[in-house]
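**Student:** Fold the following, please.
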Amino acid sequence: MSELPPIHVAFLLFPRVTQLDLTGPAQVLSRLGNATIDLVAKTMDPVPTDAGFSLLPTATFATARRADILCVPGGFGTNDAMDDAETMAWVRQAAAEAEWITSVCTGSLVLGAAGLLDGYRATCHWATHHLLAAFGAIPVKARTVFDRNRVTGGGVTAGIDFALALTAAIRGEAHARFVQLSLEYDPQPPFDSGSPERADPETLARYASLAKGQAGDREARTLAAAARLSAEPGHP
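**Tutor:** Numbering: from 1, shown residues only. As a prediction, the model looks like this:
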């Protein structure tokens, strides 16, 4: 069998990223075959995640090479990422050269703020799903949504499903099934509380309180990012 064509994946890395949004898909996509992965940040300094530990960038906005796949993870830090001109400029630059433009969780809000989801079907974490429409995206309730070369995953753990689906699109279903087996991805959660439709009211209220404390101004800042995008020259 001939060697698989090389493929390069670049993940955006920013403070307060949800590490599983990044590390889950990275583990899957690292097994695409003949694949390389970069974690791209503003500087080479360690980047704190929301899990209490830091990740080390492998490239900066200035040094990152062209990516075949751009992936933007989510997290409470997306609020600041959307407001950071350097971050948004790199996302637009990387997307202009990428074959696949992707995200996990609230990373789709960053894609939206960069003007990359206007007219595209997309998904997001359930708690911020409604904000996609502010960027002209068409919100779809699903674990993974494909629309042309845009691929978006739902919240956090959906990143693994997203990455397996993307693997199948790039290398074929047989290879994706092989990767799934190699990772023993056979989820059997001990509780049926993984969606707002199935979680009990007390659990939903507890999450709402956490989200308000961590990113209480997310809606306002997302709408402000959408307003900035609409005001840019050439944007409808």
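
**Student:** make it CA atoms for all contacts and neighbour counts henceforth
**Tutor:** Noted.

**Student:** For P236, report the pLDDT, please.
**Tutor:** On pLDDT, P236 comes in at 60.

**Student:** now do M1
**Tutor:** On the pLDDT scale, M1 gets 40.

**Student:** Could you do L204 as well?
**Tutor:** L204 is assigned a pLDDT of 93 by the prediction.

**Student:** Assumed it was part of a strand.
**Tutor:** No: using DSSP: H, G, I helix; E, B strand; the rest coil, the assignment for L204 is helix, not a strand.

**Student:** Now do it: how many residues are near it, please.
**Tutor:** With neighbours defined by other CA atoms under 10 Å, the count for L204 comes to 16.

**Student:** Also A85?
**Tutor:** Considering only other CA under 10 Å, A85 is surrounded by 11 other residues.

**Student:** Can you report phi and psi for it?
**Tutor:** Taking degrees, to the nearest 10, you get phi -60, psi -40 for the backbone angles of A85.

**Student:** Now for it: which residues touch it?
**Tutor:** Contacts for A85 (CA atoms under 8 Å, 6 or more residues apart in numbering) come out as none.

**Student:** Distance-wise, check it relative to L183.
**Tutor:** Going from A85 to L183 by CA to CA, to the nearest Å gives 37 Å.

**Student:** same check, this time on R121
**Tutor:** Distance from R121 to L183, by CA to CA: 29 Å.

**Student:** the more surrounded of those two?
**Tutor:** Each of R121 and L183 has its neighbours counted (other CA under 10 Å); R121 has more, 21 against 12.

**Student:** from the chain's centre, how far out does stretch 129-137 sit?
**Tutor:** 15 Å (CA atoms, centre = their mean, to the nearest Å).

**Student:** who's in contact with it?
**Tutor:** 108-109, 112-113, 115, 117-124, 138-139, 219, 222-223, 226.

**Student:** Please enumerate the strands of the protein.
**Tutor:** Along the chain, counting by DSSP state E, strands occupy 7-12, 35-41, 47-48, 54-55, 59-60, 69-72, 100-104, 121-122, 138-139, 144-147, 150-153.

**Student:** Now for the chain, the helix or strand with the poorest mean pLDDT.
**Tutor:** The weakest-scoring helix or strand in the chain, judged by mean pLDDT, DSSP states H and E, is helix 201-215 (a mean of 89).

**Student:** what about the closest residue to P48 other than its chain neighbours, how many neighbours?
**Tutor:** In this structure, P48 finds its nearest non-sequential neighbour in S54, 4.1 Å apart by CA to CA, 6 or more residues apart in numbering. By other CA under 10 Å, 16 other residues sit near S54.
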